[in-house]
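# Got a sequence here, can you build the structure:
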Amino acid sequence: MPIQSTDTIKKEIFIACRPATLYPFFTDPEKLVRWMGHHVLLDTQLGGKFRIDLDGNNIAMGEYTELIPNEKIVMTWGWEKSKMVPPGSSTLEFLLTPQDNGTLLVLTHSGLPVSEVDSHIKGWTHFMSRIQAVAQGEDQGNDPSSQEVIQE
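Residues are numbered from 1 along each chain as shown. Just a heads-up that it's a prediction; the model follows:
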């Protein structure tokens with residue numbers, strides 16, 4: 001089997017809130033579903049697993065590998081039914097850096113097969129704008145249609 005080449009996505013966005021306000025949007029299931037998914041299971045500790053059901057078909061899964069409150073979240077990432085990006089096959093990092101009375105959020109998604117980069121860029125562009133809005137206090141409504149939260 002040939003070795004598959006991988007690529008990295010990097011996105012930055014300024015959010016008008018402190019890192020301490022933004023951080024729970026990655027670790028509190030009730031806040032996470034305000035910007036991503038409609039059914040979320042989180043075990044927010046090192047080695048803890050997560051499951052984010054985006055729409056009943058696309059289910060992201062992985063585990064937390066680094067958690068520095070109000071600064072950094074690193075997790076493995078993949079899709080429940082995917083052969084190209086199975087759970088745990090890529091790495092997702094969020095850096096929260098204080099900047100100008102707000103936070104610079106830097107997302108780095110590495111280890112993606114080149115063929116999957118475009119769809120992930122589209123997805124992260126959508127979700128980065130949603131987290132920016134909800135963290136700044138705007139109601140984005142459910143994405144896509146309903147919210148159900150379960151925390152382990």
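
# can you list the residues that contact stretch 113-121?
4-7, 9, 11, 84-85, 109, 112 (C-beta atoms under 8 Å, 6 or more residues apart in numbering). Where you see a C-beta, it was placed from the backbone N, CA and C, and this is true even at glycine.

# Endpoints of it, how far apart?
12 Å (C-alpha to C-alpha, to the nearest Å).

# pLDDT averaged over it - what is it?
Per-region confidence: stretch 113-121 scores 93 on mean pLDDT.

# Let me know the secondary structure of residue 51.
strand (DSSP: H, G, I helix; E, B strand; the rest coil).

# Tell me the pLDDT of the nearest residue to it once chain neighbours are set aside.
Sequence neighbours aside, residue 41 is the residue nearest to residue 51 in space, at 4.3 Å (criterion: C-beta to C-beta, 6 or more residues apart in numbering). pLDDT recorded at residue 41 is 94.

# Give me the helices and strands touching the strand or helix carrying residue 41, please.
If you go by DSSP states H and E, residue 41 is part of strand 39-42. Helices and strands touching strand 39-42, by 3 or more C-beta pairs under 8 Å, 6 or more residues apart in numbering; DSSP states H and E, are helix 29-32, strand 49-53, strand 148-151.
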